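Participant: Structure for this input, please:
(one chain, ligands or ions: 1)
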Amino acid sequence: MKTAFLYTDRYFDYDYGEIHPLKIERLRLTFELCKAYGLFELPEAVLIETNPATESEILRFHTPEYVRVLREASQGTFRGLYPHGLGPGDNPIFEGLWEWSLLHTGATLQCAKLVADKTVNVAFNIAGGLHHARPDRASGFCYMNDPALAILYLMDLGFRVMYLDIDAHHGDGVQWAFYEEPRVLTVSFHQDGRTLFPGTGNVTEIGRGKGLGYAVNVPMLPGTGDDVFWEGFSALVPKLMQCFKPDVIVSQLGVDSFVEDPLASLRLTTDSFCGVISFLTDHAPAWVALGGGGYEVWNVARAWTLAWAIMNGVRLPDDLPESALRLMPESRLRHPHPTSTGPESCRQHMRDCVRFIEEKVIAILAS
Ligand SMILES: [Zn+2]
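Facilitator: The predicted model follows:
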């Protein structure tokens, strides 16, 4: 057994609400598309039912007071003003938000355990990657920071962890959790914080104290396409891996960086996304792969299905299998592959970022 995919139908007991952009349903579409391609019948792949995390596991990162409020908000028994980032808007209070959070976090911790004890080389939790949550605050649709909890679990076992985040939004919650920690290298490619939530992730954020040089940020201008992203990724990530020598990669594979995503303004496609997945499949010593953002649900399903295929060494045909045709609306079936070339200013900005990181961060890591 080499790869594991975590999943449960219980995800669909919960709902952020009709007008909220985060649709839990995208997980079902991904699962169904993988199934239609026969990707759970491969000899070295295993499908594992998600178990919820326990409260004591959550307390490794989140504060007792925040945990209490999450529980009460979830049960509808919290009385008072909306505290800790909860309330109408990004982080709505809905029935079962505590149980939903325990599920996506539990699956991520299961991935970390499977990889740590070498049961599998790669474990994929499409429900994970909620990278904005802070120890005492919900943020950006995230109540629990499952990537940070997985990294802490692995760090406690003595692993050196590289966190790689390609979501359109800066992986702020994870970065700040390990900003002074030299055993964890955080690397985030995202849309420039001057133009998108959460506003952080400037190239000059490179860690602090003992962690100086252990945070890397590659902010990309709106309009950045595959070619420019890939120029930056291939200039930096292999070198960072060579210098840091991680034991495990934890990756957040958000696809709101895609050209048609309604929440962000990057222009990536499955071309560069699959390049990242292929690179990690070939080079990660062990890999906890997590989902993340992605608000055009058909693109999410297609991208994460492609990712699971590549992790298993399978190359999918462009045509959908017969049994998947009913999953997608007619308008998405004859959908042209979008162009992903952005303006020239994006390339210059990327080159400036790469030069800065080579001079200020890789120099520290290499010394
Ligand atoms: Zn995002």
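Participant: my guess is Ser323 contacts Gly38, does it?
Facilitator: No. Assessed by C-beta atoms under 8 Å, Ser323 is found out of contact with Gly38, at 9.6 Å. All C-beta spots, glycine's among them, are computed from the backbone N, C-alpha and C.
Participant: Looking at this structure, what residue ends up closest to the ion?
Facilitator: Each residue of the chain has a distance to the ion, by C-beta to the ion, and the smallest belongs to Gly293, at 2.6 Å.
Participant: Any figure for the gap between that residue and Arg351?
Facilitator: Gly293 sits at a distance of 26 Å from Arg351 (criterion: C-beta to C-beta, to the nearest Å).
Participant: got the contact list for Arg71?
Facilitator: By C-beta atoms under 8 Å, 6 or more residues apart in numbering, the contact list for Arg71 reads Trp98.
Participant: Name the helix or strand for it, please.
Facilitator: Of the helices and strands defined by DSSP states H and E, Arg71 is found in helix 64-75.
Participant: In space, not sequence, find me the middle residue of the chain.
Facilitator: Averaging the C-alpha coordinates of the chain gives a centre point, and the residue nearest to it by C-alpha atoms, centre = their mean is Gln252 (2.2 Å).
Participant: still on that earlier bit, between Gly293 and Arg351, which one's more packed in?
Facilitator: Gly293 (29 against 14; other C-beta atoms under 10 Å).
Participant: list the helices and strands the helix or strand of the chain with the lowest mean pLDDT packs on?
Facilitator: Of all helical and strand segments in the chain, the minimum by mean pLDDT, DSSP states H and E falls on helix 330-333, at a mean of 72. Contacting helix 330-333 under the criterion 3 or more C-beta pairs under 8 Å, 6 or more residues apart in numbering; DSSP states H and E is no other helix or strand.
Participant: Touching that helix from outside, list them.
Facilitator: Applying C-beta under 8 Å, 6+ apart, the set of residues contacting helix 330-333 from outside is 298, 320, 325.
Participant: cutoff 7 Å now
Facilitator: By C-beta atoms under 7 Å, 6 or more residues apart in numbering, the residues outside helix 330-333 that reach it are 298, 325.
Participant: Just the buried positions in the next helix or strand after it, please.
Facilitator: Stepping forward along the backbone from helix 330-333, the first helix or strand reached (DSSP H and E) is helix 344-357. Under the neighbour-count criterion of 16 or more other C-beta atoms under 10 Å, helix 344-357 has 346-347, 349-350, 353-354, 357 buried.
Participant: likewise stretch 230-249?
Facilitator: Burial within stretch 230-249, assessed by neighbour count using 16+ other C-beta under 10 Å, is assigned to 230-233, 235-237, 239-241, 243-244, 246-249.
Participant: Mind telling me what element Val46 is part of?
Facilitator: Secondary structure assigned from DSSP H and E places Val46 in strand 45-49.
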